[in-house]
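Chemist: Kindly generate the corresponding structure for this input.
(2 chains)
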Amino acid sequence: MSEIVATNQTILVVGGGISGMTAALEAAECGKQVILLEKNPSLGGRVSQLYRYFPKMCHPTCGVEINYRRIKANRNLRVITMAEVASVSGDEGNYQVKVKISPRYVNENCTACGECSKAVEAEFDDEYNYGLGKRKGAYLPYAMAYPQRYVIDPRILGSDDAGKAKAACKYDAIDLEQQEQEVDLNVGAIIWATGWRPYDAAKIQPYGYDRIANVITSVEFERMADPYGPTGGKILRPSDGKEAKDIAFIQCAGSRDRNHLKHCSRICCMASLKQTHYVREKYGDDGKATIYYIDIRAIDRIDDFHRKVKEDPNVTFVKSKVASIVEDKATGNPVLRGVNTEGYHRYENPHDLVVLAVGMEPSVPADQFPADVTINEEGFIEPTSQGAIFAAGCSSDALDVNRAVQSATASALRAIQVVNRVAGMEG
Amino acid sequence: MSNLNTQMIEKYRNSFLREVEANVEEGEWVKMCMQCGVCSGSCPFGPHWEHPPQEIFMMIRAGKRDDVLTSDSMWMCTSCYNCIVRCPRGLPITHIMHGLAHYAHRLGLAPKENPTHKFAIKFWDNLTRTGRVNELKLGLALYFMNGFSEGIKTSLKMKDIGLGMWKTKRLSPMEIVGGHKCKDVSGLHKILAKAREIEESKAQKFSG
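Modeler: Purely as a prediction, here's the structure:
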């Protein structure tokens, strides 16, 4: 790996999702030196795993591609993948950051031809598809991955597969001797954009995510709807592979709940409203969607979207927090039990498939932040007036993409102010 | 503020909610309910009672004092705690239900013929007499709760169990005269009288 140059006028961005990429690009395009770290083998983050955006129903791949082109075109921006921050010390204008870089076992010679993947036999759960499908032990994280470079899963090292992959490569790109590296960076400001992860649905015991095959999460449903996803864009029941045409969406699955996440995750209502479009897109008038909700929180201009979905005769709204789900053994249908609070009607409704609109929690647990930041009781980073570590996107709060990008741009400006001050002091 | 506004505020200034907050154990939680319905859906007795918890909470806020206090709903609670476990706001729903039942009884509004209410009174009277539960007397009182002939029938049905308990020294027939008691019965009665006095003085301003 070539030398990484960083000075106290460099801005470090931690996390290469939509927020991190935005913050890094905004700063780099202002002429600042930026280093962007990403833990995974590719940039893109959770946005790259979405099928469509609300409210315009356009494809995130489009915006992600624009960002990748901007990154490629910018000489001020250095991207380091498979890198994690181990520790941060120092203060505003002069931080020392230890970065741990995991080996990819594939060097820059890689042309992404895919011969290594064909040669390898071992398969593992595909993280990109939330484990719904399998991928090979030598793989490209996803079709649009940036950088376009394969990865060797460390679990095949020492097996025949590793040798097969190496033999299949025509470009001498596979280097099984690569080691973990530790790099010390001196930077002036840090933008923290480590994002979110879906709340562990198995913890919501009455909904049986861990027991009932046809109870899935909203992020998994997103992968199912994608034509490049594990089911080729078909909405299939995990239990028997049949098409699911009668789909229930359960809101606040883990959010607004003192037993789980106390906060409202903000995106889930809109995500489910958006996903009712997928049902209509796949099945037309044959598809049925039912949304079980406490109250729909579609705020400001996106309430128009909510109203349009309400006009769809194939979408039913039930004002109720579902009490429990049991499986009908004969059909595999999840049966939802609860009380419709509009009239106190008790129901016991079978559906083909249940989608839990799971909440957002910060990716980094509150007690594992390597940097000195103030964490609120929901686990998000609080803005403080001290230091120059700025949270961007979902590490600062539960945000949709639109608001995450706004937050990222704001944090880029704060970081630029810091390095400008440093430059001023150094004359 | 205009006069009309003030009138509307007065109209909606709900005295029953404040009454519940002041006099019902855990009653100050009622306003925290967000009407999600998970308690009603989780209640194993749900289909059998008139108003499930979340409906009771809405009725309290709507000022339906008589409907709430004369309802048999709170008396149907079996304390399974499903609602408490699942409530996203952490309301102690089971305890509120018992608090409401107790308050309705104190005001004399509880449904007279409800079996849980009747048994609760028998249990309390039995316990407070000596400071110890007299199981023999309590059991017999329960058997004869619905009349003499039913009492005889139930007693005969249960006699083998009673004899079995006697043989294994779980039940003494001597309990029928007096029975065992706590060390300072009159002291206990003084405590209970004082507690009642405090409770009643608190409830005074809402009675009627």
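Chemist: The nearest residue to B:Trp166 once chain neighbours are set aside: neighbour count?
Modeler: Excluding the flanking residues, the one nearest B:Trp166 by CB to CB, 6 or more residues apart in numbering or on different chains is B:Pro173, at 6.4 Å. (C-beta placed from N, C-alpha, C; glycine too.) Look at B:Pro173: counted by other CB atoms under 10 Å in any protein chain shown, it has 10 neighbours.
Chemist: next one: A:Gly241
Modeler: Based on other CB under 10 Å, the number of other residues close to A:Gly241 is 9.
Chemist: And for A:Asp372?
Modeler: As a burial measure, A:Asp372 scores 13 neighbours (other CB under 10 Å).
Chemist: Next: B:Trp124.
Modeler: B:Trp124 is flanked by 12 other residues according to other CB under 10 Å.
Chemist: picking up where we left off before, can you verify my assumption that the residue nearest to B:Trp166 contacts B:Glu135?
Modeler: No: with contacts counted by CB atoms under 8 Å, B:Pro173 stays clear of B:Glu135, the gap being 11.5 Å.
Chemist: can you list residues touching both of these two?
Modeler: Common contact partners of B:Pro173 and B:Glu135 (CB atoms under 8 Å, 6 or more residues apart in numbering or on different chains): none.
Chemist: Please tell me the pLDDT value assigned to the residue nearest to B:Trp166.
Modeler: What the model reports for B:Pro173 is a pLDDT of 86.
Chemist: Next up, phi/psi of it, please.
Modeler: phi -70, psi -20 (degrees, to the nearest 10).
Chemist: Likewise for A:Ala143?
Modeler: With angles defined as degrees, to the nearest 10, A:Ala143 sits at phi -50, psi -40.
Chemist: pLDDT weak spots in chain B?
Modeler: Filtered on pLDDT under 70, chain B yields the residue ranges B:1-2, B:8-14, B:205-208.
Chemist: Near chain A, which residues of chain B are found?
Modeler: Residues of chain B lying close to chain A (CB under 8 Å from any CB of the partner chain) are B:34-38, B:40-42, B:46-47, B:51-52, B:54-55, B:85-90.
Chemist: The same query, at a cut-off of 6 Å, please.
Modeler: Within chain B, the positions near chain A by CB under 6 Å from any CB of the partner chain are B:35-38, B:40-42, B:55, B:88, B:90.
Chemist: Look up the closest residue to the closest residue to chain A within chain B, ignoring the ones flanking it.
Modeler: Of all residues in chain B, the one sitting closest to chain A is B:Gly41 (2.9 Å; CB to the nearest CB). Excluding its sequence neighbours, the residue lying closest to B:Gly41 (CB to CB, 6+ apart) is A:Ala323, at 2.9 Å.
Chemist: What's the local residue count around that neighbour?
Modeler: For A:Ala323, the neighbour count with other CB under 10 Å is 25.
Chemist: now B:Leu140
Modeler: Neighbour count for B:Leu140, taken as other CB under 10 Å: 17.
Chemist: That one should be in a helix, yeah?
Modeler: Yes: using DSSP: H, G, I helix; E, B strand; the rest coil, the assignment for B:Leu140 is a helix.
Chemist: Who's the closest spatial neighbour of it, skipping the chain neighbours?
Modeler: Leaving aside its sequence neighbours, B:Leu140 sits nearest to B:Ser155 (CB to CB, 6+ apart; 7.2 Å).
Chemist: My read is that the one you found contacts B:Ala141, right?
Modeler: No: counting by CB atoms under 6 Å, B:Ser155 does not reach B:Ala141; the two are 11.5 Å apart.
Chemist: need the contact list for the residue nearest to B:Gly41.
Modeler: Contact analysis of A:Ala323 by CB atoms under 6 Å, 6 or more residues apart in numbering or on different chains lists A:337-338, B:38, B:41-42.
Chemist: Which of those fall in strands?
Modeler: Judged by DSSP state E, the subset of these located in strands is A:337-338.
Chemist: Quickly name whichever of the contacts of A:Ala323 is closest to A:Asp91.
Modeler: In terms of CB to CB, no member of the contacts of A:Ala323 lies closer to A:Asp91 than B:Val38, at 47.6 Å.
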